[in-house]
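K.L.:
Fold the following, please.
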Amino acid sequence: MKKILLFIFMIFVFHVIPAYADTDGQPKEIDPAKRADIVKLMDVLNFKNTVKTTIEQSFAIYEKSMPSDPDLKEFITEFMDSIDYDSMAEQCIPIYDKYLEHEDIKSITDFYNSPSGKKLLKSIPAFIRDAFAFSQKWTEDLFTYVGVMMDTSKPRVSGNIASSKKSNSQSRHKKIVYEFMEVSGLNRKMGSYYDSIFSSLKSSADIKISPEDWQKIETKFAKDDFIGFCADIYEKNLDESTLADLVTYYKSPAGKKYLEVEESINNECGEVGAKVGRELSEKILQKFKK
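P.N.:
Residues are numbered from 1 along each chain as shown. I've put the predicted structure just below:
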């Protein structure tokens, strides 16, 4: 049981809230007016609720993939009940201050208070749910197919595994989705995520597959198709008008500035989350060691 709990702990710390490099320098005093507007922006962005939803969806997936165990459920319940989201948000305020000027904060807040901004924020919980469900299914199918290619004792019949190939035809709605993903950098991020999965598989000493078979796997589970499935999620959750407004915003000076620093903000807030996750997990695990 302790091994299962430790596994959950490691998964959370290094996957759900990945650890990043610590921020440099000592915290500086933040202008009170700017600080108030940062808090307002984080409230508008549903910062705390988004973190909570992401963790809940992650743990829900890991629970399904593991044998039912009352201690595991107790660990997850106590973990979720014990997270101090207010403290986590407070520690992220200096990060927003570091990367965004006061006028940037106001501009971003104004956009997310607009009808399209509100629609985007309202869709986030459903998007997180759909994204986690897709990621789990796609990864399971990939690992199953890799297993089929490794098992030389059985015929390589892959008919029971759905093909990942998608139609090349695009509706007007889908074209706007792809434009949004390109402008916002999501294509690059999803491509990098895809590359990291295949890089990890290929570097594993336990997976011995010929270059020819790897080519077959990458053809069946193509990067363009992977990004296409992600585009389906955006198409399902965001209408054309909202996507068009998002494209316009991300092409504007204020939108471009936000995109330039968004990844750095997320990374450093991720370090805050990793620290909170490690400390809380270690505290809870001590109870199960007794």
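
K.L.:
Contacts for stretch 89-97 next, please.
P.N.:
23, 27-28, 30, 34-35, 38-39, 41-42, 47-48, 105, 265, 268-269, 272 (C-beta atoms under 8 Å, 6 or more residues apart in numbering). In short, each C-beta sits where N, CA and C put it, glycine included.

K.L.:
In that stretch, which residues are buried?
P.N.:
Judged by neighbour count (16 or more other C-beta atoms under 10 Å), stretch 89-97 contains these buried residues: Ala89, Gln91, Cys92, Ile93, Pro94, Ile95, Tyr96, Asp97.

K.L.:
hey, where'd the helices end up in the stretch 151-290 of the chain?
P.N.:
For the stretch 151-290 of the chain, the helices defined by DSSP state H, counting those that start in this stretch cover 172-184, 186-203, 211-220, 223-237, 240-251, 253-289.

K.L.:
how about a markdown table for those, with mean neighbour count, distance to Ile128 and mean pLDDT added?
P.N.:
A markdown table is the format used below for those (neighbours: other C-beta atoms under 10 Å; distance: least, C-beta to C-beta, whole Å; pLDDT from 0 to 100):
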| stretch | mean neighbour count | distance to Ile128 | mean pLDDT |
| --- | --- | --- | --- |
| helix 172-184 | 17 | 16 | 94 |
| helix 186-203 | 14 | 14 | 90 |
| helix 211-220 | 13 | 27 | 91 |
| helix 223-237 | 18 | 10 | 91 |
| helix 240-251 | 18 | 17 | 94 |
| helix 253-289 | 16 | 14 | 86 |
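
K.L.:
right, so of those, which gets closest to Tyr85?
P.N.:
Comparison of those against Tyr85 by C-beta to C-beta identifies helix 253-289 as nearest, at 9.2 Å.

K.L.:
and the angle for that closest one with helix 172-184?
P.N.:
Per axes from the mean of the first three to the mean of the last three C-alpha atoms, to 10 degrees, the angle that helix 253-289 makes with helix 172-184 is 80 degrees.

K.L.:
quick one: low-confidence ranges for the stretch 1-150 of the chain?
P.N.:
By pLDDT under 70, the low-scoring segments of the stretch 1-150 of the chain are 1-27, 61-68.

K.L.:
Could you export stretch 236-256 as CSV, keeping only the C-alpha atoms?
P.N.:
Output in CSV follows, covering the C-alpha atoms of stretch 236-256 (Å, rounded to 0.1, in the frame of the first residue of the first chain):
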residue,chain,number,x,y,z
LYS,A,236,-16.6,21.3,-29.3
ASN,A,237,-16.2,23.8,-26.5
LEU,A,238,-15.7,27.2,-28.3
ASP,A,239,-17.9,28.7,-31.0
GLU,A,240,-16.6,30.5,-34.1
SER,A,241,-17.3,34.0,-32.8
THR,A,242,-15.4,33.4,-29.5
LEU,A,243,-12.5,31.8,-31.4
ALA,A,244,-12.3,34.7,-33.8
ASP,A,245,-12.2,37.2,-30.9
LEU,A,246,-9.4,35.1,-29.3
VAL,A,247,-7.4,35.2,-32.5
THR,A,248,-7.9,39.0,-32.8
TYR,A,249,-6.8,39.5,-29.1
TYR,A,250,-3.7,37.3,-29.4
LYS,A,251,-2.7,39.2,-32.5
SER,A,252,-3.0,42.5,-30.7
PRO,A,253,0.0,44.1,-28.8
ALA,A,254,-1.6,43.2,-25.4
GLY,A,255,-2.3,39.6,-26.5
LYS,A,256,1.2,39.1,-27.9
